[in-house]
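# what shape does this take:
(one chain, ligands or ions: 1)
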Amino acid sequence: MTERVGTEPSVFTRILHGEIPSAIVLQTDDVFVIRDIAPQAPVHLLVIPKTDAYADVTELAAADPRLLANMVAVAKAAASQAGASDFRLVFNTGAGAGQTVFHVHAHVLAATASPLGERTMTLGMPDGEEA
Ligand code: 5GP
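Predicted coordinates for the structure are as follows:
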């Protein structure tokens, strides 16, 4: 299991509660979506469960696969809302893979102007690795 750092609310919980400004672009009963503050693609959204009970996607999948499925459905809706029918869905899992916020979230990455296979974006991979 991934270690948590302290017991403070995560940055995403603080955004959800309005303690840190960030527009919520889409939400359901259990999931919300914000724009990443440091976008790595023309469309870069974060799909986040409202609960902070799960540090990463492995914990979420084991405990609540329905919520994970809801996140995927919301990711598709959010990409569509942003004008993208095709998108990448990335769960950085563990610090060694670049995870910095241990409140599970999915990155939705899309290029609205041209297909994702073209060199229109770079993904934030750990140092020394290529996307
Ligand atoms: P991770 O590195 O854990 O996979 O992704 C965390 C993401 O949260 C990063 O891409 C980072 O830019 C984003 N992020 C961190 N703090 C904030 C914030 O205060 N507001 C927003 N909108 N995004 C944030």
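
# going by C-alpha atoms from here, please, whenever you check contacts or count neighbours.
Noted.

# which residues of this structure lie near the ligand?
Ser22, Ile34, Arg35, Asp36, Ile37, Ala38, Asn92, Gly98, Gln99, Thr100, Val101 (Cα under 6 Å from any ligand atom).

# if we use 5 Å, what do you get?
Contact residues, the chain versus the ligand (Cα under 5 Å from any ligand atom): Asp36, Ile37, Ala38, Asn92, Gln99, Thr100, Val101.

# which residues sit in contact with the fifth one?
This means Gln99. The contact partners of Gln99, by Cα atoms under 8 Å, 6 or more residues apart in numbering, come to Asn92, Thr93.

# in which helix or strand does it reside?
For Gln99, there is no enclosing helix or strand under DSSP states H and E.

# where is the longest helix in this protein?
In the chain, taking DSSP state H as the definition, the longest helix is helix 65-81.

# and that helix, what does it pack against?
Secondary-structure packing of helix 65-81 (3 or more Cα pairs under 8 Å, 6 or more residues apart in numbering; DSSP states H and E): strand 24-27, strand 31-35, strand 43-49, helix 57-63, strand 106-110.

# for the third one, which strands pair with it and how are they oriented?
Looking back up the chat, that one is strand 43-49. strand 31-35 (antiparallel), strand 106-110 (antiparallel) (DSSP bridges).

# tell me the most buried of those strands?
Burial of the strands paired with strand 43-49 is given as mean neighbour count (mean count of other Cα atoms under 10 Å); strand 106-110 ranks first at a mean of 25.

# for the most centrally placed residue in the chain, list each beta-bridge partner.
In the chain, the centroid-proximal residue (Cα atoms, centre = their mean) is Ala106; its distance is 2.6 Å. Beta-bridge partners recorded for Ala106 (DSSP bridges): Val47.

# for the residues of the chain next to the ligand, work out which two are farthest apart.
Ile37 and Asn92 (16.2 Å; Cα to Cα).

# neighbour count for those two, which is higher?
Asn92 (22 against 10; other Cα atoms under 10 Å).

# before we move on, the earlier item: the residue nearest to the centre of the chain against Leu46, yeah?
Yes - if you go by Cα atoms under 8 Å, Ala106 and Leu46 touch, sitting 5.6 Å apart.
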